[in-house]
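> Dropping a prediction and its sequence here:
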4 protein chains.
Amino acid sequence: MIDDDKPHEECGVFGAWNVADAAAITALGLHALQHRGQEATGIVTHDGVRFHSHKGLGLVGDNYGDAKVMAGLPGPRAIGHNRYATTGDTVLRNVQPLFAEFEFGGFAVGHNGNLTNAHTLRKALTRRGCLFQSTMDSEVFVHLIAISLYSNVVDRLIDAIKQVIGAYSLVALTNEHLIGVRDPLGVRPLVLGKLSGADGKAGWVLSSESCGLDIVGAEFVRDVEPGEIVLIDDSGVQSIKPFTPQKPRFCVFEYIYFARPDSLMEGNSVYSARKKIGAQLAMEAPAEADVVVPVPDSGVPAAMGFAEASGINFELGIIRNHYVGRTFIEPTDQIRHLGVRLKHSANRAMIEGKRVVLVDDSIVRGTTSKKIVEMVRQAGAKEVHMRIAGPPTTHSCFYGIDTPERGKLLAARNSVDEMAKLIGVDSLSFITIDGLYKALGKPGRDALSPAFCDACFTGDYPIALTDNNEARDTQPSLLAEMS
Amino acid sequence: MIDDDKPHEECGVFGAWNVADAAAITALGLHALQHRGQEATGIVTHDGVRFHSHKGLGLVGDNYGDAKVMAGLPGPRAIGHNRYATTGDTVLRNVQPLFAEFEFGGFAVGHNGNLTNAHTLRKALTRRGCLFQSTMDSEVFVHLIAISLYSNVVDRLIDAIKQVIGAYSLVALTNEHLIGVRDPLGVRPLVLGKLSGADGKAGWVLSSESCGLDIVGAEFVRDVEPGEIVLIDDSGVQSIKPFTPQKPRFCVFEYIYFARPDSLMEGNSVYSARKKIGAQLAMEAPAEADVVVPVPDSGVPAAMGFAEASGINFELGIIRNHYVGRTFIEPTDQIRHLGVRLKHSANRAMIEGKRVVLVDDSIVRGTTSKKIVEMVRQAGAKEVHMRIAGPPTTHSCFYGIDTPERGKLLAARNSVDEMAKLIGVDSLSFITIDGLYKALGKPGRDALSPAFCDACFTGDYPIALTDNNEARDTQPSLLAEMS
Amino acid sequence: MIDDDKPHEECGVFGAWNVADAAAITALGLHALQHRGQEATGIVTHDGVRFHSHKGLGLVGDNYGDAKVMAGLPGPRAIGHNRYATTGDTVLRNVQPLFAEFEFGGFAVGHNGNLTNAHTLRKALTRRGCLFQSTMDSEVFVHLIAISLYSNVVDRLIDAIKQVIGAYSLVALTNEHLIGVRDPLGVRPLVLGKLSGADGKAGWVLSSESCGLDIVGAEFVRDVEPGEIVLIDDSGVQSIKPFTPQKPRFCVFEYIYFARPDSLMEGNSVYSARKKIGAQLAMEAPAEADVVVPVPDSGVPAAMGFAEASGINFELGIIRNHYVGRTFIEPTDQIRHLGVRLKHSANRAMIEGKRVVLVDDSIVRGTTSKKIVEMVRQAGAKEVHMRIAGPPTTHSCFYGIDTPERGKLLAARNSVDEMAKLIGVDSLSFITIDGLYKALGKPGRDALSPAFCDACFTGDYPIALTDNNEARDTQPSLLAEMS
Amino acid sequence: MIDDDKPHEECGVFGAWNVADAAAITALGLHALQHRGQEATGIVTHDGVRFHSHKGLGLVGDNYGDAKVMAGLPGPRAIGHNRYATTGDTVLRNVQPLFAEFEFGGFAVGHNGNLTNAHTLRKALTRRGCLFQSTMDSEVFVHLIAISLYSNVVDRLIDAIKQVIGAYSLVALTNEHLIGVRDPLGVRPLVLGKLSGADGKAGWVLSSESCGLDIVGAEFVRDVEPGEIVLIDDSGVQSIKPFTPQKPRFCVFEYIYFARPDSLMEGNSVYSARKKIGAQLAMEAPAEADVVVPVPDSGVPAAMGFAEASGINFELGIIRNHYVGRTFIEPTDQIRHLGVRLKHSANRAMIEGKRVVLVDDSIVRGTTSKKIVEMVRQAGAKEVHMRIAGPPTTHSCFYGIDTPERGKLLAARNSVDEMAKLIGVDSLSFITIDGLYKALGKPGRDALSPAFCDACFTGDYPIALTDNNEARDTQPSLLAEMS
């Protein structure tokens, strides 16, 4: 069901403070963030006295459509989480938010991102007598907070985040605060919004993307800043900045593919950014063609930008089938031989006899691209030119995006010409890294101090890969747990 | 989950003869036809000796992704069905194909459409001692065949279809043939395709739409003709035409909304037809505006046509959320008050401060249109002009489309001006009926002999509404059956 | 889960007229009759205007414990059914009661027993144009009623039962009556009880056994008589006797094994009958032993009778484990080698070093007996003597009891001595057929006119085996239906 | 489904070392121990390299009947657990065995019993930074082991059990050992058995009761002694006794009700013990009566002993219905009014007109006893005399048995005469505490040093109730977790 030829965002987070039906508001926010994780979801609420929790596998709509579930989540405060996870890994105990009972009260936390020293910290904590119940990075936060010697939960949280290294946005809920945190470089997004509250006072929401604010009618206030802790209670929003300021390195791939087109990132429309990237691509890598066809759905805005800039007609030459079941038809040999495509079909009338420019946002393994090109050729295309709205993906991400190991990245092992041949196109071009920066309003990439995290394109990793430098040989002993 | 502000197609059918893995081929065909019915699905296969069957609720992918199900459906011959049904009605015994055991062998049948004298026939058959097990029209066919005095199954089928009145396309499987039938006016679609067969000889497929042929790599041969029976066996395709020829009246709404854009209907690209309708609409009802925004997904081609013809920019100003769970979040009062929209969100950056032309294909009850306009205004649109790529829907359909009763059709009770006010737009226009015919390549509507069935727009019902003229008071006695 | 070394009753029926919460009363009656069928259950109610139905797989308690199910079964009239069925056969469409819509109203029917000319009738009806939807014998009744030319439903029912041959007790519900029927020989049981009604007038219940009356607090009125139709409505109970009277032949195995010990059959306590059979067995086949041990649970009363008559101590030397899951532990080779017994365990302290008399009610295949003897020997028994409270089972039953085909009946192929050797006992004896009749208060078996149906012991089949004399080659064409 | 008028055992444990298919052997052992807990079950295995785990709600047979589950539990070493739990508490994270990953390897543990200072220890551990993931007492063990400063896992375990106070039997599995532990007073049972091992060397099993050895064909070796740790590996069984020896206080209620009748406890047959208790009861409290009737199933052996000693006939005057669904029929008012009994029915023929002695093992709330007496009277009993095979239950248990709080114990608030009146019997007697000790082979109860824990009858609690002396006000903050 999940396209393994796209990178995948690992998780979306949402939080609400002082709003009526906080669980329902959070469920809606998570629904808007569903593209950031579809395997599992959880919400923890606080009703002023106690915490309440639901975790479940599957989509937001499937979990919170059950009135009994919602009735079990009372209170005006909540945090929620959507989880993306690789197969086999999604047992309930790994579903966030994680909840812990401290001496001084409860603490619930969910995060989007990845700690690059989680494994190292986990080993040290285990040696100290800490018992881990899950394989989630979040649990490292929780243990660090549990053993911190500070008396105050906020001081303990600062103590904890100073020990972790990584790219993360987190939301947490204590007996007294809703908390949002972004990592020092601000690699992963987190925005703050305002809402009319439950009692006349202000209500507040945190969301991975601004589309989570729109769905609940919240007003966009600002991005949580890189390295900032926002501490929300009935007196308002307090900002704490425990780190030495650094130049931010926001994830450029959020612009290219991850974020929803209707979201704002760093104040910019993602949809417009994609159209501009398409236009820049048309200038850098024009094609003699009759029609510009997007690979749906993510390639559509870039293709529109390409079409406008090049003057070539834009047509929906590929149709996407949105009805995909939970399990799905296992192709037999016969069917595999037929080259069956379950998610895409060619709109033959727009393709037959034409020179086609296919616009997509990225090529990871190249498997899907190859099948789509085949399909377009079978539908009668005279020529197929592929244009990619991002530079070649040559490196894996360790900051919260699920990419294959480097050896499986098509661009890591092949030149663009070789890739064109493998995918079966008449021509193939990627936007340049400088072109990408320009489309995003920068003068180009400043190699000494780039404006974005672009490690997947450049191999320039701005955050230390601590765990990666040790062998990850010590697998957990407990294997298959069925629940 | 189902938008009750759109008409709904009642069912898609598929058949396969002499192809390896006929059940898998049929499952794929049904997957491509999923938009014609999402509530339930069934496949019957024949392995040369016996029939095998699976029926299940839910999507095609959910049913046939189970290897055990597929293993239970052997053989090179199959028919399949996707069912759309109103709530509460979908118990397994009502899922097609229907299978019956006759003296001379088994008979499986599935149909798309509606019999307008089903109720009348059912009463007569019951009086005669026939026992009905379902509320499906198909069962009327089956009883008519069962009691026919002809000795041959094909003669019995002809005997049966001569007694029924209605709009239907059906596929049937006997011990000896795959059969396809279209009603005398050809209101509902059915196409024939060819495939390399299981044994070197030709393989054949039948499908409600040509997109069902494309997914399995079958070559489009032709539409089954109105009033035609195609009888398929290893000797090829035999055509029987038991009815006096009439001028066809294909359903015009298939062009406007139902069919997949990549399908061909009567040899025409549905996608191109929609763009032409949009262009015609722009000529008939221009608007002073900054941006043309489609209501996704069905309004997109018409909006593209409108934008091209009018020269106004086309932008994706509304984003559709494709992640919708089986159950879904029940809005609380608080949430209802916020005007939450689960399926659509405004792409504010494309709308704020702009004069927007919203293009949609139809208005049924008007409830969704009203919410979308509200959303677009909240996102800052300066003006909202709505343009509809079909004439006002003033009459219910009795030919296989689920429309509300007439009293609930917005256009049946209100003038266009009143509708504009109710929906909250600055202007509202529908394409004219003549404009629609012109966009579809006709000189306009010939009132004496129209080229299409357009009863939903004109009230001109080309097939007798027999049941409708009797009171439908005799409800079945058995109510809630849970299974 | 089902012991395949016992015969199995095929079904229990219950009916209620004019009682508050008829569905709940019926559910309770079916719960008391659960031993007569555990695979599926159904209830049809009538609320004065309409019929309502629920069918489900599994136990009575699992189905009617759901408040929503009960809410869907309103009305003061109901019939219900428990189904026993061989594996694979239990799809919902085969679950009774069967409901049909006739011209003159609805008709629901459930039966216990077997028609011996069902197959022959089914073929004739199919030839006539009747469509069968299930493989249930009950459907034959329903079609016969549907095509009967009598205008009155009771006359049609008489018309139908005069055409069927077999052993059956049935309950039916029409818009106007609750009906109970027993076959002309009264092979299968059915009793009538009285209850305070919903409105001051009398309420009535029908039940396969009197234990179904006890659980709902109904007063036992009488057995429905062989060949009798009882027609119940608010004016009371009307008796119709459409058959020429014959000497009854009640199933003797109901006394030995099937019926619940607290039921009355023909006015006799089943528990007392079993004790008397055990006492007679002790006189006919004494054993030198230290302890009498029943094979639980069905062997207990006979063992008590044996112990009392012989003066040997009665001890619970075998313990039965009542916790058996739906699925069950699949023994691996290792476990099979250990001779593991999941349902029984030896109470070693009562067996070790002792000469044991094991008392059981029947030996069918002998597989379970062999394992139990092995277990008793492993627990240290010095000698094992087996005594069986029924004659050797040498013939299959065609009257509603699931027995293996004759070739698999241990007693059909082996002498008692051979059986003793195969089962591994020091001695083996069965009660004689005359002894059995004596224990049941008869002077012995009158070969010309026996008081019971004892075909399984004697091969004397009192009802014609019509279907059996034709080859049953014409299998239904539709095989595996998954639902 | 669970009789709330009986005390309930809280859990059964099983362990296996060096046996082929250890998971299957453990599943069988747990099946034999099913009466000690029916809500949930878990097994952890070790395959020499890794641990594997399954936890599930429901019966043993339902969980381990799934071949996929068993395939996921490889290896020759295993421990397993059956859980009894009060409603609402059974979420998967509370199902044992509990598994933890220590620095030095994995550790799995399951226990039967209750720690009386668990709450106190939990608070201290939380203060120290330990995070609890469940509400299970076992987790206290695990944290104590995790933070122990000893380097060796066995030393850490000793360190841990010296800090806990309570009545418990536990089984544990490490990378190197199977471990069994009984509390210093030996309140809860645990036995050791021997089996032919996987590789010619000995195999070992631990089980709460000896019936767990019988089912897998293991030879009974001995009881694990009070306060003993048995350490099992391929070199055999090593015994460690870390506590100062104390006089054992085995739970006397295991004899009266909990244990399976075929188990040996302290070398004695439980079945024989119950018969002796019944005989003693007959001597202490004779009754003029016609028939002795047990309340099935647990009252049967005591009733047999009573009948033998008194010379009154023993009859199965009450029949138990063993078919009880997961959910169950919710009685409506009408049904409640009828006094319906779902689990028991009177065998009227044995009761009508008779003076009946009802023998049961205990009265807790008295609710079930009252209903049974009512039922027996409705079936026509002339007199009803109740005899109870245990002294009056006047105190709650804190050592692993689920009893109601004291205020709800009938005997805590009423004299025997009052109880007789409330229950509706003509006479009521309980065995004396001295009579009970005598029936169990003791000279009577030595008040200074009783041979058993009999706190539920005497209020003499042999183990400190540490938690009970503090207010248990600090409830966990996280309430309803749905999974």
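Perfect, thanks for sending it.

> where are the low-confidence patches of the stretch 51-200 of chain A?
A:85-93 (pLDDT under 70).

> Just list the residues touching the residue in the stretch 151-300 of chain A that chain B sits nearest to, thanks.
Residue of the stretch 151-300 of chain A nearest chain B, by CB to the nearest CB: A:S269 (3.4 Å). For the C-beta atoms, the positions are set from N, CA and C on the backbone; glycine is no exception. Counting by CB atoms under 8 Å, 6 or more residues apart in numbering or on different chains, A:S269 makes contact with A:P261, A:D262, B:N347, B:R348, B:A349, B:M350.

> Can you pull the phi/psi pair for it?
With angles defined as degrees, to the nearest 10, A:S269 sits at phi -70, psi 130.

> where's it relative to chain D, distance?
For A:S269, the distance to chain D equals 39 Å [CB to the nearest CB, to the nearest Å].

> now do A:P301
Counting by CB to the nearest CB, the gap from A:P301 to chain D is 40 Å.

> how close does the residue nearest to A:P296 when sequence neighbours are not counted sit to chain C?
Nearest residue to A:P296 in three dimensions, chain neighbours excluded: A:R320, at 4.3 Å (CB to CB, 6 or more residues apart in numbering or on different chains). With the distance defined as CB to the nearest CB, A:R320 ends up 30 Å from chain C.

> A:R320 - how many residues pack around it?
Counted by other CB atoms under 10 Å in any protein chain shown, the residues lying close to A:R320 total 14.

> which strand of chain A spans the most residues?
In chain A, assigned by DSSP state E, the strand with the most residues is strand A:105-115.

> returning to that earlier point: got the contacts of A:S269 as a markdown table, with distance to chain C, secondary structure and neighbour count columns?
Below are the contacts of A:S269 laid out as a markdown table (distance: CB to the nearest CB, whole Å; DSSP: H, G, I helix; E, B strand; the rest coil; neighbours: other CB atoms under 10 Å in any protein chain shown):
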| residue | distance to chain C | secondary structure | neighbour count |
| --- | --- | --- | --- |
| A:P261 | 42 | coil | 22 |
| A:D262 | 40 | coil | 27 |
| B:N347 | 43 | coil | 26 |
| B:R348 | 44 | helix | 22 |
| B:A349 | 48 | helix | 20 |
| B:M350 | 47 | helix | 25 |
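
> Helices along the stretch 251-400 of chain A, start to end?
Ranges of helices within the stretch 251-400 of chain A are A:252-253, A:270-284, A:300-310, A:333-337, A:367-378, based on DSSP state H, counting those that start in this stretch.

> how far does the shortest one sit from the chain's center?
Mean-position distance between helix A:252-253 and its chain equals 10 Å (CA atoms, centre = their mean, to the nearest Å).

> Specify the residue ranges that define each domain of chain A.
What automatic domain parsing lists as the domains of chain A is A:11-249, A:273-461.

> Contacts for whichever strand or helix holds A:V221, please.
Take DSSP states H and E as the rule and A:V221 turns out to sit in strand A:219-223. With contact meaning CB under 8 Å, 6+ apart, strand A:219-223 is reached by A:186, A:189-195, A:210, A:213, A:264, A:266-267.

> quick check, distance from that strand to the centre of its chain.
Counting by CA atoms, centre = their mean, strand A:219-223 comes out at 19 Å from the chain centroid.

> among the contacts of A:S269, which two are most distant?
A:P261 and B:R348 (10.9 Å; CB to CB).

> For the stretch 1-150 of chain A, what lies in contact range of chain B?
Within the stretch 1-150 of chain A, the residues that sit near chain B (CB under 8 Å from any CB of the partner chain) are A:20-21, A:24-25, A:27-28, A:31-32, A:34-35, A:38, A:58-67, A:70.

> Give me the subset of these lying in helices.
Members of the residues of the stretch 1-150 of chain A next to chain B lying in helices (criterion: DSSP state H): A:24-25, A:27-28, A:31-32, A:60-64, A:67, A:70.

> Relative to A:P76, which of those residues is nearest.
Using CB to CB, those come closest to A:P76 at A:I25, 9.4 Å.

> Surely that closest one touches A:N18?
No. Between A:I25 and A:N18 there is no contact under CB atoms under 8 Å: 10.6 Å.

> Same drill for the two, tell me which one is more crowded.
More neighbours surround A:I25 than the other of A:I25 and A:N18, with 30 against 22 (other CB under 10 Å).

> just the CA coordinates of stretch A:22-38, formatted as PDB?
Only the C-alpha atoms of stretch A:22-38 are listed here, as PDB (Å, rounded to 0.1, in the frame of the first residue of the first chain):
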ATOM      1  CA  ALA A  22      -9.300  18.600  22.900                       C
ATOM      2  CA  ALA A  23      -9.300  15.000  21.700                       C
ATOM      3  CA  ALA A  24     -11.600  15.700  18.800                       C
ATOM      4  CA  ILE A  25      -9.500  18.800  17.800                       C
ATOM      5  CA  THR A  26      -6.400  16.700  18.000                       C
ATOM      6  CA  ALA A  27      -8.000  13.900  16.000                       C
ATOM      7  CA  LEU A  28      -8.800  16.500  13.300                       C
ATOM      8  CA  GLY A  29      -5.300  17.900  13.400                       C
ATOM      9  CA  LEU A  30      -3.900  14.400  13.000                       C
ATOM     10  CA  HIS A  31      -6.200  13.700  10.200                       C
ATOM     11  CA  ALA A  32      -4.800  16.700   8.300                       C
ATOM     12  CA  LEU A  33      -1.300  15.300   9.100                       C
ATOM     13  CA  GLN A  34      -2.200  11.800   8.000                       C
ATOM     14  CA  HIS A  35       0.300  12.000   5.100                       C
ATOM     15  CA  ARG A  36       3.100  12.100   7.700                       C
ATOM     16  CA  GLY A  37       2.300   8.600   9.100                       C
ATOM     17  CA  GLN A  38      -0.500   6.100   8.400                       C
END
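
> now A:G42, which residues is it bridged with?
A:K55, A:H81 (DSSP bridges).

> check contacts around it.
A:S53, A:H54, A:K55, A:G56, A:G80, A:H81, A:R83, A:V95, A:Q96, A:P97, A:G110.

> TSV for these, including neighbour count and distance to C:P226?
Below are the contacts of A:G42 laid out as TSV (neighbours: other CB atoms under 10 Å in any protein chain shown; distance: CB to CB, whole Å):
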residue	neighbour count	distance to C:P226
A:S53	21	64
A:H54	25	60
A:K55	23	62
A:G56	19	58
A:G80	36	68
A:H81	33	69
A:R83	24	67
A:V95	24	64
A:Q96	31	69
A:P97	27	70
A:G110	30	72
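
> Of the residues you listed, which is the nearest to chain B?
Of the contacts of A:G42, the one sitting nearest to chain B (CB to the nearest CB) turns out to be A:G56, at 10.4 Å.

> Right, I'll leave it there.
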